[in-house]
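K.L.:
generate coordinates for the sequence data below:
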Amino acid sequence: MPINIPKLLPARETLEKENVFIMDDDRAISQDIRPLNILILNLMPEKEKAETQILRLLGNTPLQVNVNFLRTQSYESTHTSKQHLDQFYTDFDHIKAQKFDGMIITGAPVELLEFEQVKYWDELMEIMNWANENVTSTLHICWGAQAALYYHYGIKKFELDTKCSGIYPHKIIEQDDFLLRGFDDEFYAPHSRYTDVSIEEIKKHPKLKLLSASEEAGALLVSSHDRKHVMITGHLEYESDTLAQEYARDLERGLKIHIPENYFPNNDPVQPPINRWRAHAHLFFSNWLNYYVYQETPFAWR
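P.N.:
Down below sits the predicted model:
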């Protein structure tokens, strides 16, 4: 089934070229099934890139999805045009009376700050608290995952000695969880972060399940027992060259950064990287939409 997005959203052209099944409102209203309503709080600086990455995965499932983009009111993005934000995004005051089947909270380049130092932290706490009662399941990505673990479950992040950057193998810990249905016993996922969370604290928490982890990169997938919250510390949504772009950016800034691990063939940044996570990225988002959202959400939200 398709994903329903605005006609003029820049990501549309890219998605159509990739044969991602999308539609506009005119076609969507002619269908008899109820679409899933997904809210995306996009905290990434380059919002258009993040939109394309996430929509690509949401649009490759048998479910019709209506997408709404949310921006912060307490912090104004400086990397995305005001015209784009005004045209395609809304703010919390305009949606807080609504209910959503699913929500995605992206990562953000603020992980070296304490949570309380982030300019929009109070607003994010309000949104996460609201989501407990008004969203069936929320997917938190990278820093968004660390923020959720801290706010909902009191698990703090800690700074790493060196940046965790690369493609890492992961093992499945909860074999029977629907979120990992169809996954290989070992699969790869990108990571790009300066901080981490304690696997032991996650394992000990009575409301959490550690679903997948890596010996090198630590915890990857965590969910609450009630499926209300899914935390992914990596970036399955990344495109093949995203880590390469980040590596080039960090070098240009003069940062002391290592080559992303297990990424470039022969560890040579001149060679184009090979994507080893695309299939599992699509499967993960499909499983979340189907088992954690569609199968759990009421047909008529009140």
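
K.L.:
looking at this protein, which helix is longest?
P.N.:
Longest among the helix segments of the chain by residue count, using DSSP state H, is helix 121-134.

K.L.:
how about the helices in the stretch 151-300 of the chain?
P.N.:
Along the stretch 151-300 of the chain, counting by DSSP state H, counting those that start in this stretch, helices occupy 199-204, 242-252, 278-287.

K.L.:
my bad, should have said the stretch 1-150 of the chain
P.N.:
Going by DSSP H, counting those that start in this stretch, the stretch 1-150 of the chain shows helices at 11-17, 25-28, 47-58, 82-88, 92-95, 121-134, 143-153.

K.L.:
ok, back up a step: who are the packing partners of the longest helix of the chain?
P.N.:
Applying 3 or more CB pairs under 8 Å, 6 or more residues apart in numbering; DSSP states H and E, we find helix 121-134 packed against helix 92-95, strand 100-105, helix 143-153. Every C-beta, even on glycine, is put in place using the N, C-alpha and C of the backbone.

K.L.:
which one of these lies nearest to Gly234?
P.N.:
For those, proximity to Gly234 was assessed by CB to CB; helix 143-153 is nearest, at 8.9 Å.

K.L.:
the closest one vs strand 100-105, what angle?
P.N.:
Using axes from the mean of the first three to the mean of the last three CA atoms, to 10 degrees, the inter-axis angle of helix 143-153 relative to strand 100-105 is 120 degrees.

K.L.:
by mean pLDDT, point me to the weakest helix or strand of the chain.
P.N.:
When each helix and strand of the chain is scored by mean pLDDT, DSSP states H and E, helix 25-28 comes last, with a mean of 61.

K.L.:
tell me what Val230 is bridged to.
P.N.:
Applying DSSP bridges to Val230 gives these bridge partners: Leu139, Ser223.

K.L.:
mind listing what it touches?
P.N.:
By CB atoms under 8 Å, 6 or more residues apart in numbering, Val230 lies in contact with 137-140, 179, 221-224, 288, 292.

K.L.:
re earlier: tell me which of the helices of the stretch 151-300 of the chain is the most buried.
P.N.:
Across those, averaging neighbours per residue (mean count of other CB atoms under 10 Å) puts helix 278-287 on top, at a mean of 19.

K.L.:
tell me the buried residues in the longest helix of the chain?
P.N.:
The neighbour-count check on helix 121-134 (16 or more other CB atoms under 10 Å) flags 121, 123-124, 127-128, 131, 134 as buried.

K.L.:
show me what Pro190 bridges to in the sheet.
P.N.:
Beta-bridge partners of Pro190, counted by DSSP bridges, are Ile167.

K.L.:
how much space between it and Ala108?
P.N.:
For Pro190, the distance to Ala108 equals 17 Å [CB to CB, to the nearest Å].

K.L.:
and these two? which has more neighbours close in?
P.N.:
Counted by other CB atoms under 10 Å, Pro190 and Ala108 do not tie: Pro190 has more neighbours, with 28 against 23.

K.L.:
distance of that one relative to Tyr150?
P.N.:
22 Å.

K.L.:
likewise Asn290?
P.N.:
With CB to CB as the criterion, Asn290 and Tyr150 are 28 Å apart.

K.L.:
likewise Trp288?
P.N.:
Distance of Trp288 to Tyr150, computed by CB to CB: 21 Å.

K.L.:
just Leu70 next, same as before
P.N.:
On the measure of CB to CB, Leu70 and Tyr150 end up 20 Å apart.

K.L.:
please say which of those two ends up with more neighbours.
P.N.:
Leu70 (21 against 17).

K.L.:
for that one, what are its contacts?
P.N.:
39-42, 89-92, 95, 127.

K.L.:
let's see 7 Å
P.N.:
Leu70 is in contact with 39-41, 89-90, 92, 95, counting by CB atoms under 7 Å, 6 or more residues apart in numbering.

K.L.:
out of the residues you listed, what pair is the most spread apart?
P.N.:
The widest separation within these (CB to CB) is 13.0 Å, between Ile40 and Phe92.

K.L.:
the more surrounded of those two?
P.N.:
Ile40 (24 against 18).

K.L.:
so Thr297 makes contact with Lys99?
P.N.:
No: Thr297 is not in contact with Lys99 according to CB atoms under 7 Å; the separation is 9.0 Å.

K.L.:
which one of these two has more residues nearby?
P.N.:
Thr297 (19 against 16).

K.L.:
how near is that one to Asn37?
P.N.:
Separation of Thr297 from Asn37 (CB to CB): 9 Å.

K.L.:
joint contacts of those two?
P.N.:
Here Thr297 and Asn37 share the contacting residues Asp101, scored by CB under 7 Å, 6+ apart.

K.L.:
how about low-confidence regions in this structure?
P.N.:
Under the criterion pLDDT under 70, the flagged ranges of the chain are 1-2, 19, 21, 23-33, 301-302.
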